[in-house]
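Novice: Requesting a structural model of the entry that follows:
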Amino acid sequence: MKHRFLFFIATALFPVLVLGQAYPSKPVKLIHGFVPGGNVDITARVVGQPLSEILGQPFVVEGRPGAGGTVAANVVARSEPDGYTLFMMASGHSVSPGLYASLPYDPVNDFTMVSLAAQFPFVIAVAPNHPAKSLGDLLRQAKAKQGQVSLAHAGVGTGMHLATVLLQSRTGTEFNLIPYKGGNLAPMAVAQGETEVVFDTPAGMASLISSGKLRPLAVSSATRWKNWPDVPTVGETVPGYDVRGWMALAGPKNLPQPVLERLHKAMHQALARPEVIERFAQMGTGVAPTDPKETQAFLAGEIERWKKVGKDADIKPQN
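Specialist: Numbers count the residues shown, from 1 in each chain. As a prediction, the model looks like this:
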């Protein structure tokens, strides 16, 4: 009887052990929730290349845009937990539970977090001929014309959207919020005169700022960004304001431990590569490797944080 029991245990564990040793044995899909060319897409590709080299299989980046990343999140949450469908999760993932009345997945428990990949500030910018010369100017103009100053962001449920909502709540202003579908569509809208203000990532607007088509007013982090040291923080005008975006590598829940360990090790190796660090720096992003438990706790904390922001700002959840 004892031998049969041991045989049963060995048989049950064999597929997991083999999976961990052999993983990956075929291409891996790395899904994100936004259009090509944006910060999340670029980050997925920058990370995907060294992961392919380290693990010996292609990492195929695939965008599934829609509803602030929730479409992609649902695809990953419903996929097999075998390590062949992964998620480049963006900070908007932690915003969605406070914006939508219901989601088709549990934003924490339906995912296995591997590691944070990056953290970065958001940037408020205007066209070069805009009358606002500072964030203070812009807020005064917005207060004088409540709901009339148009502000472009990367879509409902994204980090940029909630960063804007928090700014409105803290300052008593109301912008005319205009959502775009990610990528650099929101910054381009301002550069082309469609809207007045944009709240987006450095990666989404760096080339437009360097070419003089946009003028930055403030960054959302607590400290100034080293690439633009002359650009003030939002907190210098609105004390205590500190919002940063992030991205993380995740899989569906119940990712086998050997696969999780292999991915975690490979992710940290990828983030330590000089070319990755340099590319991230060019995008206004810092590498942010973390362990799985730390990352899972971080996600849960961010969700609670943004739920409170939404509640305090009296945001009505959407259906």
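Novice: alpha carbons only for contacts and neighbour counts from here, please
Specialist: Fine.
Novice: need the helices for the stretch 1-150 of the chain, in chain order.
Specialist: Along the stretch 1-150 of the chain, counting by DSSP state H, counting those that start in this stretch, helices occupy 2-22, 39-55, 70-77, 92-99, 135-144.
Novice: hmm, who's touching the third one?
Specialist: When contacts are taken as Cα atoms under 8 Å, 6 or more residues apart in numbering, the neighbours of helix 70-77 outside the stretch itself are 31-33, 63-66, 85-87, 89, 93, 96, 103-105, 110-111, 251-253.
Novice: now the strands for the stretch 151-300 of the chain?
Specialist: Using DSSP state E, counting those that start in this stretch, the strands of the stretch 151-300 of the chain run over residues 176-179, 197-200, 215-219, 244-252, 286-287.
Novice: re earlier: ranking the helices of the stretch 1-150 of the chain by mean pLDDT, which is last?
Specialist: Note on the helices of the stretch 1-150 of the chain: lowest mean pLDDT is at helix 2-22, with a mean of 49.
Novice: Which strand residues bridge Thr112?
Specialist: Gly251 (DSSP bridges).
Novice: Just give me the neighbour total for it.
Specialist: By other Cα atoms under 10 Å, the residues close to Thr112 number 24.
Novice: contacting residues for it?
Specialist: Going by Cα under 8 Å, 6+ apart, Thr112 touches Ala250, Gly251, Pro252, Lys253, Asn254, Leu255, Pro292, Gln296.
Novice: Tell me who's in contact with the fifth one.
Specialist: Contact criterion Cα under 8 Å, 6+ apart gives Pro81, Phe111, Thr112 as the residues in contact with Asn254.
Novice: ok, of those residues, which one's closest to Gly155?
Specialist: Phe111 (22.7 Å; Cα to Cα).
Novice: Quick check, central residue of this structure?
Specialist: Ala90 (2.1 Å; Cα atoms, centre = their mean).
Novice: related to what we said a few turns ago, turn the contacts of Thr112 into JSON lines, columns for pLDDT and distance to Ile124.
Specialist: What follows is these, written out as JSON lines (pLDDT from 0 to 100; distance: Cα to Cα, whole Å):
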{"residue": "Ala250", "pLDDT": "98", "distance to Ile124": "29"}
{"residue": "Gly251", "pLDDT": "98", "distance to Ile124": "32"}
{"residue": "Pro252", "pLDDT": "98", "distance to Ile124": "34"}
{"residue": "Lys253", "pLDDT": "98", "distance to Ile124": "36"}
{"residue": "Asn254", "pLDDT": "97", "distance to Ile124": "39"}
{"residue": "Leu255", "pLDDT": "97", "distance to Ile124": "38"}
{"residue": "Pro292", "pLDDT": "97", "distance to Ile124": "32"}
{"residue": "Gln296", "pLDDT": "97", "distance to Ile124": "30"}
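Novice: Next, report how far stretch 309-319 is displaced from the centre of its chain.
Specialist: 20 Å (Cα atoms, centre = their mean, to the nearest Å).
Novice: What are the buried residues along it?
Specialist: Val309, Gly310 (16 or more other Cα atoms under 10 Å).
Novice: Touching that stretch from outside, list them.
Specialist: By Cα under 8 Å, 6+ apart, stretch 309-319 touches Gly98, Leu99, Tyr100, Ala101, Ser102, Leu162, Val165, Leu166, Ser169.
Novice: And for stretch 221-230?
Specialist: Counting by Cα under 8 Å, 6+ apart, 120-122, 219, 231-235, 240-244, 284 sit against stretch 221-230.
Novice: Would you mind measuring the gap between the ends of it?
Specialist: Across stretch 221-230, the terminal residues are separated by 14 Å (Cα to Cα, to the nearest Å).
Novice: Fine by me, thanks again.
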